[in-house]
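[1] how would this look folded up:
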Amino acid sequence: MVAETPVTASASNARVQTEPTPPFVEVQDLSIHYGGKKILSGVSFDIYENEIFGIIGPANSGKTSFLRALNRMDMFTPGMNVTGTIKIDGHDIQRWKNVYALRRRIGVVFPLPVGLPLSVYDNVALAPRLAGIKRRSELDIIVERCLTRAALWEEVKDRLDSLGSLLSGGQQQRLTIARALSQDPDLLLLDEFSIAVDPVTTMRIEDVLKELKHEITIVLVTNLVQQTRRLSDRTAFLLSGELVEVGETAELFEGKVRDQRTLGYLEGRFG
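    Numbers count the residues shown, from 1 in each chain. Alright, predicted model coming up:
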């Protein structure tokens with residue numbers, strides 16, 4: 001009888017090794033032009049599920065244009081031409097037959113609060129209603145959940161019928177986040193979300209984002225390098241439409257950079 005070969009610990013570990021996690025967003029050779037003006041040139045990087053991915057760089061580096069391309073807003077932007085490939089969850093976004101179905105998977109928060117001329121309740125309930133949810137009991141649950149996730153519920157629960165535009169600026173920005181969350185997105189895009197928000201509210205929103213990353217993937221565009229240091233797992237540095245480098249945020253701020261321009265920007269020597 002042939003003896004069985006014992007399975008050693010090292011052999012066992014080798015068998016259970018898992019494949020690398022595929023990226024949730026894949027950006028390959030992405031270029032963006034407005035008319036004849038180049039905004040981004042040949043940019044490639046990956047974004048992984050349940051991370052906060054920071055994008056930094058001086059003004060006119062192409063940060064906001066990248067978010068527009070990611071959300072297919074090029075369809076509504078005259079003269080915007082996008083080439084290259086962006087895949088979300090393995091699917092090329094340029095080949096989606098229903099772009100509105102794609103955009104329902106993506107929540108967007110702009111630099112300034114964009115309040116709808118509706119009550120606080122209806123601001124959050126709008127997307128679920130458009131998705132076909134009509135029962136008040138279901139909408140109540142969604143509204144409370146989204147306002148809670150945006151750290152706003154306790155402040156507005158007694159005035160849900162008031163106009164959202166009557167809230168303070170910081171509250172309106174958190175209402176915008178709640179509205180973005182109400183469509184149950186897989187991806188949340190934030191474009192300078194704190195530009196018009198006081199420091200205390202900014203820190204509250206940052207705490208919200210740290211919790212949200214356990215549920216969704218977040219792309220954070222910011223001109224505040226310390227904000228990306230506090231929030232981002234990995235960071236991409238764009239300069240004049242070029243991707244200078246991508247790295248673990250902690251390592252970049254420790255000076256472990258491949259390009260000295262990155263260190264110069266992080267240290268405030270230009271920008």
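[2] what about the nearest residue in space to residue 74 that is not next to it in sequence, how many neighbours?
    If the residues on either side of it in the chain are set aside, residue 74 comes closest to residue 80, at 4.4 Å by C-beta to C-beta, 6 or more residues apart in numbering. Backbone N, C-alpha and C define where each C-beta goes, glycine included. Neighbours of residue 80 under the rule other C-beta atoms under 10 Å: 17.
[3] for residue 117, same thing?
    Number of residues near residue 117 (other C-beta under 10 Å) recorded here: 9.
[4] so how far is residue 127 from the closest residue to it other than its chain neighbours?
    Nearest residue to residue 117 in three dimensions, chain neighbours excluded: residue 165, at 6.7 Å (C-beta to C-beta, 6+ apart). Residue 165 sits 18 Å away from residue 127, going by C-beta to C-beta, to the nearest Å.
[5] now do the helices in the stretch 101-250 of the chain.
    Along the stretch 101-250 of the chain, counting by DSSP state H, counting those that start in this stretch, helices occupy 120-130, 136-149, 153-156, 169-181, 199-212, 225-231, 249-253.
[6] pick the most deeply packed of these.
    Among the helices of the stretch 101-250 of the chain, helix 169-181 has the highest mean neighbour count (mean count of other C-beta atoms under 10 Å), at a mean of 24.
[7] okay, angle between that helix and helix 136-149 too, please.
    For helix 169-181 against helix 136-149, the angle by axes from the mean of the first three to the mean of the last three C-alpha atoms, to 10 degrees is 130 degrees.
[8] angle of helix 169-181 against helix 120-130?
    Interaxial angle, helix 169-181 versus helix 120-130 (the same axes, to 10 degrees): 20 degrees.
[9] let's see helix 169-181 as CSV, backbone CA atoms only.
    Provided in CSV are the C-alpha atoms of helix 169-181 (Å, rounded to 0.1, in the frame of the first residue of the first chain):
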residue,chain,number,x,y,z
GLY,A,169,-25.0,75.5,4.4
GLY,A,170,-23.5,72.5,6.2
GLN,A,171,-26.8,70.9,6.7
GLN,A,172,-27.7,71.4,3.0
GLN,A,173,-24.4,69.7,2.0
ARG,A,174,-25.2,66.7,4.3
LEU,A,175,-28.7,66.7,2.7
THR,A,176,-27.0,66.4,-0.7
ILE,A,177,-25.1,63.4,0.6
ALA,A,178,-28.3,61.8,2.0
ARG,A,179,-29.9,62.4,-1.4
ALA,A,180,-27.0,60.8,-3.2
LEU,A,181,-27.2,57.8,-0.8
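[10] so residue 46: helix, strand or coil?
    At residue 46 the chain is in strand, as set by DSSP: H, G, I helix; E, B strand; the rest coil.
[11] quick check: closest non-adjacent residue to it.
    residue 23 (3.5 Å).
[12] which secondary element of the protein has the worst mean pLDDT?
    The weakest-scoring helix or strand in the chain, judged by mean pLDDT, DSSP states H and E, is helix 9-15 (a mean of 41).
[13] now the element after it, going C-ward?
    Per DSSP states H and E, helix 9-15 leads on to strand 25-34 as the next helix or strand towards the C-terminus.
[14] which neighbouring elements make contact with that following strand?
    strand 37-47, helix 63-70, strand 80-88 (3 or more C-beta pairs under 8 Å, 6 or more residues apart in numbering; DSSP states H and E).
[15] what lies in contact with the last one?
    This means strand 80-88. Residues outside strand 80-88 that contact it (C-beta atoms under 8 Å, 6 or more residues apart in numbering): 24-34, 42-43, 65, 68-70, 73-74, 92-94, 102, 105, 186-187.
[16] and for the shortest one?
    In this structure, residues lying in contact with helix 63-70 by C-beta under 8 Å, 6+ apart are 25, 27, 30, 32, 39-40, 43, 55-57, 73-74, 77, 80, 82, 86, 93, 106, 108, 187, 189, 191, 219, 221, 238.
[17] now, of these, which are buried?
    The neighbour count (16 or more other C-beta atoms under 10 Å) marks 25, 27, 30, 32, 39-40, 43, 55-57, 73-74, 80, 82, 86, 93, 106, 108, 187, 189, 191, 219, 221, 238 as buried among those.
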